[in-house]
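Novice: Coordinates for the following, if possible.
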Amino acid sequence: MLSHQKKKTASAEKTQIAVGSVMKMNKCCCSSKNCCGQPQLKKLIAIDFLYLDTTVCGRCQDTEKALDEAVSSVAAVLSAAGYEVKVNKVNIATKELAIGYQFISSPTIRVNGNDIAVELRESLCEDCGTLCGDNVDCRVWVYNGVEYTAPPKELIVDAILREVYGTKQSEQHREPYQLPKNLESYFSAKARKDEAERNENMV
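Specialist: Predicted coordinates:
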């Protein structure tokens, strides 16, 4: 009888050990490095919005609005897929900044360094002309064969998703950067206009 009791106790101890092992395994049920709720670093999608002016220029204002709407539309889906979107808005207010960012046309949107505009098209921008006191051209966006003075939200969403899922368009051939004559004229004219206004205010 005593021997039978010892066997029963030993069996119970084994059961407890086995149960304990299962309980420990249940806390971490896989061999993956990201198992057990360990935080996973998100992959970054960096978007640059480069512009001459958002106080007067309607094209820059409308482009910023379309960009904000596009990012808002895809942010939740991309976050769930392990991506984080960061938008960097830069006012290209000087020639030095233009050269530093290799600025080609205003406004510009780049996703992970890639310009979302397949081709460069520009037209006369009266708003930026008012800013500098001279004629200046700003970007025209082409989407599905139609020209727009500000990019449709769909164009921006498409560009972001192409960058994420690898369906990028063929890489554009990039010549060594040189400040475009259009922008050179803009900054020179604006500098003259600003100087004239300062002189008037001093009188």
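Novice: Restricting to C-alpha, output stretch 47-55 in PDB.
Specialist: Output of stretch 47-55 as PDB, limited to C-alpha atoms (Å, rounded to 0.1, in the frame of the first residue of the first chain):
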ATOM      1  CA  ILE A  47       9.300  61.600 -48.300                       C
ATOM      2  CA  ASP A  48      10.800  65.000 -49.100                       C
ATOM      3  CA  PHE A  49       8.500  67.900 -50.100                       C
ATOM      4  CA  LEU A  50      10.700  70.700 -51.500                       C
ATOM      5  CA  TYR A  51       9.100  74.000 -52.400                       C
ATOM      6  CA  LEU A  52       9.800  77.700 -53.100                       C
ATOM      7  CA  ASP A  53       6.800  79.100 -51.200                       C
ATOM      8  CA  THR A  54       3.600  78.000 -49.500                       C
ATOM      9  CA  THR A  55       2.400  81.500 -48.400                       C
END
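Novice: how about it: buried residues?
Specialist: Buried residues in stretch 47-55, counted by 16 or more other C-beta atoms under 10 Å: 47-54. Backbone N, C-alpha and C define where each C-beta goes, glycine included.
Novice: In the protein, where is pLDDT below threshold?
Specialist: For the chain, applying pLDDT under 70 flags the ranges 1-39, 167-174, 203.
Novice: can we see that at 50?
Specialist: Along the chain, the model assigns pLDDT under 50 to residues 2, 14-28, 31-32.
Novice: mind checking how far the residue nearest the centre of it is from K153?
Specialist: By C-alpha atoms, centre = their mean, the mean C-alpha position of the chain lies nearest to I47, the distance being 2.0 Å. To K153, I47 is 14 Å away according to C-beta to C-beta, to the nearest Å.
Novice: picking that back up, which residues are in contact with the residue nearest to the centre of the chain?
Specialist: Counting by C-beta atoms under 8 Å, 6 or more residues apart in numbering, I47 touches 67, 71, 85-88, 109-111, 160.
Novice: C60 now?
Specialist: By C-beta under 8 Å, 6+ apart, C60 lies in contact with 51-54, 106-107, 138.
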